[in-house]
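Enquirer: Curious how this folds, go ahead:
(one chain, ligands or ions: 1)
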Amino acid sequence: MTIPEIMKNRMCFSFEVFPPKEGQPLEPLLDTLDHLYAFKPDFISCTYGAGGTNAGRNVEICKAIKDSGATIPITHFTCIGNSKDKIRDELRNYLSLGVDHILALRGDFPKGSASTGGDFNYANELIAFIKEAFPEFSIAMAGDPEKHFEASSFDEDIAHLRIKQDAGADFIMTQLCHDVAHYEWWVEKIRKAHITLPVDVGIMPVLAKDPTIRMAVSNGSSIPRDLAEIIARYGDNPEDFKKAGMEYTVKQIHRFISAGIDGLHIYSLNKWADISEIVCAAGIR
Ligand code: FAD
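Expert: Predicted coordinates for the structure are as follows:
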């Protein structure tokens, strides 16, 4: 069964991991994956380094997930520095390994550049290319409930989202969004724009002060009042912060599920112990 098929019937549940840096051992991540498999996720996605920096390691991780037989791997993939020929080769390789789900992204421009440096300028072009050349893939596209930081308005960003749907994407995976009320507003808005695809919501666990602030701000995402309060109250005490942050994350999961989402995707940050505690406390599995 494919992920879009699962989402037609019930809320899908998944994790995201990232490959270790070049030269770092793979074993800690393989161990994390073993722990995450215990929760029977519908899929585990693996990020793809900007400019293909750790693309080889991404392939190793996707292959390991596939070979485990435990769940479906989804590879992230970007346009950064990728020619059509290179994309064709890489996608053929994924398929040969049994990896047939892909999150098709534009990617962030390399520092100091205002272009992808590849054959495609936007994710919709990559999606159309995959749909045409490799129809075997189930294709996810990114969605930004708080608007992509480069777009000048929500209407403009949502019009571009619609172009990605029309190019052949099968479901949406969202950028982190701590503001559930705003997420609900956005879903209503995209539905009015005839974007009908299921939405898989990304949950960023709140475990430490600096990464929580950095990850929200770097994506142009907001920090709602209740999260700001945790940062203000416990910011100087990592242990208390983590405890309050994990309770906040569990609450967020329940709020999103109550909002009627099609999928819950937890950014694992490659940390199985904290993530297991959150999943168990949320009663998801
Ligand atoms: P696009 O959909 O192309 O949009 C980019 C910007 O251009 C937006 O402002 C949009 O409104 C505008 N736009 C889109 N189409 C057009 C058009 N046809 N004409 C004019 N303007 C247009 N990055 C990585 O490098 N590796 C990863 O593994 C990775 N994983 C991610 C996972 C998720 C779930 C998400 C949400 C993001 C991830 N990213 C990753 C980050 C992503 O690459 C960035 O957010 C990037 O800046 C935009 O990618 P996109 O696919 O949304 O781009």
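Enquirer: from here on, contacts and neighbour counts on C-alpha atoms
Expert: OK.
Enquirer: what residues does the longest helix along the chain touch?
Expert: Within the chain, and with DSSP state H defining each element, the longest helix by residue count is helix 238-258. Defining contact as CA atoms under 8 Å, 6 or more residues apart in numbering, one finds that helix 238-258 is touched by 178, 180, 203-209, 227, 230-231, 234-235, 264, 278-279, 281-282.
Enquirer: Following element in sequence after it, please.
Expert: From helix 238-258 onward toward the C-terminus, using DSSP states H and E, the following helix or strand is strand 263-267.
Enquirer: quick one: contacts of the next helix or strand after that next one?
Expert: Toward the C-terminus, strand 263-267 is succeeded by helix 272-282 as the next helix or strand (DSSP H and E). Helix 272-282 is contacted from outside by 32-33, 35-36, 205, 246-247, 249-251, 253-254, 268, 285, using CA under 8 Å, 6+ apart.
Enquirer: shouldn't Ala123 be in contact with Ala104?
Expert: Yes - taking contact to mean CA atoms under 8 Å, the distance of 6.3 Å between Ala123 and Ala104 places them in contact.
Enquirer: Identify the contacts common to the two.
Expert: 78, 141.
Enquirer: before we move on, the earlier item: flag every buried residue along the longest helix of the chain.
Expert: For helix 238-258, a neighbour-count test (16 or more other CA atoms under 10 Å) marks 240-242, 244-250, 252-253, 256 as buried.
Enquirer: okay, these in a markdown table with distance to the ligand and pLDDT next?
Expert: As requested, the buried residues of helix 238-258 are exported to a markdown table (distance: CA to the nearest ligand atom, whole Å; pLDDT from 0 to 100):
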| residue | distance to the ligand | pLDDT |
| --- | --- | --- |
| Asp240 | 29 | 98 |
| Phe241 | 25 | 98 |
| Lys242 | 24 | 98 |
| Ala244 | 25 | 98 |
| Gly245 | 21 | 98 |
| Met246 | 21 | 98 |
| Glu247 | 23 | 98 |
| Tyr248 | 21 | 98 |
| Thr249 | 18 | 98 |
| Val250 | 20 | 98 |
| Gln252 | 17 | 98 |
| Ile253 | 16 | 98 |
| Phe256 | 16 | 98 |
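Enquirer: want to try CSV for the residues you listed, with distance to Phe77 as columns?
Expert: Listed next are the buried residues of helix 238-258 as CSV, based on distance: CA to CA, whole Å:
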residue, distance to Phe77
Asp240, 37
Phe241, 34
Lys242, 31
Ala244, 34
Gly245, 30
Met246, 30
Glu247, 32
Tyr248, 31
Thr249, 27
Val250, 29
Gln252, 28
Ile253, 27
Phe256, 26
